[in-house]
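> Below is the sequence, then the predicted model.
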Amino acid sequence: MKPTGTHINYYHICHRKLWLFANNVQMEHNSDLVAEGKLIAETTYPQRAAKYRELDLGFIKIDHYDAVNKIVREVKKSKKMEAAHLAQLKYYLWVLEESGVVGVSGVLEYPKLRRTEEVWLSDLDREEIVGWISGIEGVLDGGCPRVIDKAICKKCSYGEFCYA
């Protein structure tokens, strides 16, 4: 199994969320916060469609790829889950490298905060990504993980499922 960007993101947030998502329990369509994030990503940079292209590799879809400069742009609503956002972007960079794209970099953007961060892969990142993939396989091979019961659970699209 080749993980998607969502798998990588959820692996860094909550293993239960990852397991549920991977087993086709998808609650994002019910979440106002997810809808707001999608709206921000779609409307903040309307000129991007003409400037950058969508890159679909089958198991991952990169919304904004600048093929000339080899830059992946990832737009997020809030930096509360910044570690997961960085992991997802680094995974995209790693997948492109593994596909033969040399010198690729990324930009993580938080338009509501007017903040951007340039992202490159280090050798340590490359090693960690292999570990993430193995970790995801381990989570998915087991049963549904327990609820983590943290502050982030209150706004999670899976909250009602986990606490029903």
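Alright, I've got the coordinates.

> close enough to count as contact, residue 87 and residue 12?
Yes. Taking CB atoms under 8 Å as the contact criterion, residue 87 and residue 12 are neighbours in contact, 4.9 Å apart. The way it works is simple: take the backbone N, C-alpha and C, and place the C-beta from them, glycine included.

> joint contacts of the two?
Jointly contacting residue 87 and residue 12 under the rule CB atoms under 8 Å, 6 or more residues apart in numbering are residue 132.

> Ignoring the adjacent residues along the chain, who's closest to residue 52?
Closest residue to residue 52 apart from its sequence neighbours, by CB to CB, 6 or more residues apart in numbering: residue 64 at 4.3 Å.

> Assign that neighbour to helix, strand or coil.
Here residue 64 is recorded as strand under DSSP: H, G, I helix; E, B strand; the rest coil.

> Any idea what it is bridged to?
Note on residue 64: beta-bridge partners residue 73, judged by DSSP bridges.

> Next, count neighbours for it.
Residues near residue 64, counting by other CB atoms under 10 Å, number 20.

> And the one 10 residues further on, by the same measure?
The burial count assigned to residue 74 is 21, neighbours taken as other CB under 10 Å.

> Can you classify the residue nearest to it when sequence neighbours are not counted by secondary structure?
Here the nearest residue to residue 74 in space, its sequence neighbours aside, is residue 89; by CB to CB, 6+ apart that works out to 4.7 Å. When classified by three-state DSSP, residue 89 comes out as helix.

> Residue 89 contacts residue 117, correct?
No. Using CB under 8 Å, residue 89 makes no contact with residue 117, being 9.1 Å away.

> longest helix anywhere in the protein?
Ranked by number of residues, the top helix in the chain under DSSP state H is helix 123-141.

> same for it, what does it pack against?
Under the contact definition 3 or more CB pairs under 8 Å, 6 or more residues apart in numbering; DSSP states H and E, helix 123-141 sits against helix 5-13, helix 15-22, helix 82-98.

> quick one: buried residues of the last one?
What it means is helix 82-98. 84-96 (16 or more other CB atoms under 10 Å).

> Name the helix or strand for residue 106, please.
strand 105-110 (DSSP states H and E).

> got the angle for that strand vs helix 82-98?
Note on geometry: by axes from the mean of the first three to the mean of the last three CA atoms, to 10 degrees, strand 105-110 and helix 82-98 are set 150 degrees apart in direction.
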